[in-house]
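Asker: Next come a sequence and a model predicted from it.
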Amino acid sequence: MTGRAAAWAGRLLVALAACAATIAAVGPARARALAPPSLAVRAAALIEESSGDQLYGRDSTAQVAIASTTKLMTALVTLHHAKLDDVFTDPNYYPAAEDSQIGLVPGERMTVRDLLTAMLLPSADDAAEDLAYNVGHGSVSRFLGWMNARARELGLTHTHYTTPIGLDTPGNYSSAGDLVKLARYLFQTEPFFKATVARTHAVLRTGNHVRSVTNLNELVGRVPWVNGVKTGHTLDAGYVLLASGTKDGMTLFDVVLGTSSESARDSNALALLDWGFANYGMRTPVHAGAVLARPAVTDVMGKHVRLLAASSYTHVFAKAEKVRLRVNAPAQLTGPLPAHSVVGSVAVVAGRRVVARIPLLTASQLPQIKHSRSIASAVVVSVTLFGLLVAAGAAIGLTMFWRELTRGRGGRSTPR
């Protein structure tokens, strides 16, 4: 095979590999996109956990009252500064009668584990105040400083805290986008938080007596795939629900703010989660080790190098979105190249957007081909020498022939 033919063969193989990869990535027929639900809310947001991509937003950056979803940050700061088995003494805090509480009395001693559980499930304000006071070494103001510092570290740019509880206090606000981002962070970094908010009931065994508590988030237990997170309600905030659910290997977080009742809160949050699962799903268009191209080896007839995807790529995609692969690889490769050399890439294209680029690696070592040029040169030289010898032999033969012809005619006169 000539060099030009090998190059064309290599290009054809690359094109075929790219085509096959595209077919594999597209998968089953695309679903028809569903319109977002009509939500009776002040603000809302929906994100996917692994990517953090926002799939839906309605006034998602508006700074609004958030009620007891404030306690997510109270939990995060507590988990950072205290151990679950630490025991705290309740301060002189007397919540209002309408506040959610577990009836702690001054001087009562309870573990951080039980205080967090009381704060997250029945949303006990007295437990939140107990934690803030003791974690802050006797200063709720110090604890609030840590809450705001943590918000800045996490990039919650539309969030500020003036209470560890979530009461209607001036300057205590967040946004729908910041709340789902914070919930995602807690799920990914705090196993105790994630496990606790997925419970329907719990028993608190420390303190002056045993207490049984119930999760105010009634979607947990009622809907099998819902696994968190937190309710809230004040006059300014309305009814609030930050919810999470997991289906088919995908976890979504949503929040609805400013709904009119508990039933409206639950139905709006559930409708948004249902819409997310109906319209989005996890896909893996690229698998680590998949052969996506086979370029030819220069000057070696019939030899090709397999190019492998360096890593897998799993991401959330709209079910109605076409996902394909675009392979960028050379038609030919020349050694030496060690195994796992990066020699190309594959682009994951969703619609018209390139969402990822994965390197392509050589599957094996490609040694330098030392003999190819020397053999070719030897063949050329041999053919040239043979031609010269043939030509020389022919010249000698002709010379001898003319000599014999001349000698045979010697002494004769020319005929008249």
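Answerer: Happy to help now that I have it.
Asker: Please count neighbours and contacts with C-alpha atoms only from this point.
Answerer: Fine.
Asker: where does the residue nearest to residue 197 when sequence neighbours are not counted fall, phi/psi-wise?
Answerer: Of all residues beyond its chain neighbours, the one nearest residue 197 is residue 228 (4.9 Å), with distances taken as CA to CA, 6 or more residues apart in numbering. Residue 228 has phi and psi values of phi 160, psi -180 when expressed as degrees, to the nearest 10.
Asker: Quick check: beta-bridge partners of residue 228?
Answerer: Beta-bridge pairing for residue 228 (DSSP bridges): residue 244.
Asker: That one: neighbouring residues, count only.
Answerer: 30 (other CA atoms under 10 Å).
Asker: Repeat that for residue 237.
Answerer: Residue 237 has 22 neighbouring residues, counting by other CA under 10 Å.
Asker: That one reaches residue 63, doesn't it?
Answerer: No - applying CA atoms under 8 Å as the test, residue 237 and residue 63 come out as separate, 10.9 Å apart.
Asker: who touches both of the two?
Answerer: Any residue near both residue 237 and residue 63 by CA atoms under 8 Å, 6 or more residues apart in numbering counts here, and not one turns up.
Asker: what's the distance between the residue nearest to residue 197 and residue 244?
Answerer: With distances taken as CA to CA, to the nearest Å, residue 228 is found 5 Å from residue 244.
Asker: Beta-bridge partners for residue 213, please?
Answerer: As for beta bridges, residue 213 partners with residue 202 under DSSP bridges.
Asker: confidence score at it?
Answerer: Residue 213 carries a pLDDT score of 98 in this model.
Asker: What segments of this protein are helices?
Answerer: In order along the chain, the chain carries the following helices (DSSP state H): 3-26, 71-81, 112-120, 125-135, 140-153, 176-189, 191-197, 219-222, 262-279, 371-408.
Asker: worst average pLDDT in those?
Answerer: Across the helices of the chain, the stretch with the lowest average pLDDT is helix 3-26; it has a mean of 45.
Asker: mind listing the strands for the stretch 201-350 of the chain?
Answerer: Listed in chain order, the strands of the stretch 201-350 of the chain (DSSP state E, counting those that start in this stretch) span 201-204, 211-214, 226-234, 238-247, 250-259, 280-286, 291-293, 296-297, 307-309, 313-318, 323-328, 332-333, 342-350.
Asker: out of those, which comes closest to residue 140?
Answerer: If you check each of those against residue 140 by CA to CA, strand 226-234 wins as the nearest, at 21.0 Å.
Asker: which helices and strands does that closest one pack with?
Answerer: Judged by 3 or more CA pairs under 8 Å, 6 or more residues apart in numbering; DSSP states H and E, strand 226-234 is in contact with helix 191-197, helix 219-222, strand 238-247.
Asker: ok now do residue 289, which residues does it touch?
Answerer: Residues in contact with residue 289 (CA under 8 Å, 6+ apart) are 308, 309, 310, 311.
Asker: Roughly how far does it sit from residue 350?
Answerer: Remark: distance between residue 289 and residue 350 (CA to CA) = 21 Å.
Asker: where's residue 143 relative to residue 340, distance?
Answerer: Taken as CA to CA, the spacing of residue 143 relative to residue 340 amounts to 51 Å.
Asker: which one of those two has more residues nearby?
Answerer: Using other CA under 10 Å as the criterion, residue 143 and residue 340 rank with residue 143 on top: 24 against 15.
Asker: contacting residues for that one?
Answerer: Residues touching residue 143, when contacts are defined by CA under 8 Å, 6+ apart, comprise 77, 132, 133, 135, 136.
Asker: Name the nearest residue to the first one, sequence neighbours excluded.
Answerer: What sits nearest to residue 77 in space, not counting adjacent residues and going by CA to CA, 6+ apart, is residue 147, at 6.3 Å.
Asker: cool, and the third one?
Answerer: Of all residues beyond its chain neighbours, the one nearest residue 133 is residue 140 (4.8 Å), with distances taken as CA to CA, 6+ apart.
Asker: With distance to residue 49 and mean neighbour count added, can I get the helices and strands packed on strand 226-234 in JSON lines?
Answerer: What follows is the helices and strands packed on strand 226-234, written out as JSON lines (distance: least, CA to CA, whole Å; neighbours: other CA atoms under 10 Å):
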{"stretch": "helix 191-197", "distance to residue 49": "13", "mean neighbour count": "17"}
{"stretch": "helix 219-222", "distance to residue 49": "18", "mean neighbour count": "18"}
{"stretch": "strand 238-247", "distance to residue 49": "9", "mean neighbour count": "25"}
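Asker: any chance of the ones you listed in TSV, plus distance to residue 260?
Answerer: Listed next are these as TSV, based on distance: least, CA to CA, whole Å:
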stretch	distance to residue 260
helix 191-197	23
helix 219-222	17
strand 238-247	6
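Asker: what's the closest of those to residue 298?
Answerer: Nearest to residue 298 among the helices and strands packed on strand 226-234 is strand 238-247; the distance by CA to CA comes to 49.4 Å.
Asker: what packs against the closest one?
Answerer: With contacts taken as 3+ CA pairs under 8 Å, 6+ apart, strand 238-247 sits against strand 226-234, strand 250-259, helix 262-279.
Asker: Can I get these in JSON lines including distance to residue 52?
Answerer: JSON lines is the format used below for the helices and strands packed on strand 238-247 (distance: least, CA to CA, whole Å):
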{"stretch": "strand 226-234", "distance to residue 52": "17"}
{"stretch": "strand 250-259", "distance to residue 52": "9"}
{"stretch": "helix 262-279", "distance to residue 52": "14"}
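Asker: Single out the most deeply packed of the ones you listed.
Answerer: Per-stretch averages of neighbours, counted by mean count of other CA atoms under 10 Å, single out strand 250-259 among those, with a mean of 27.
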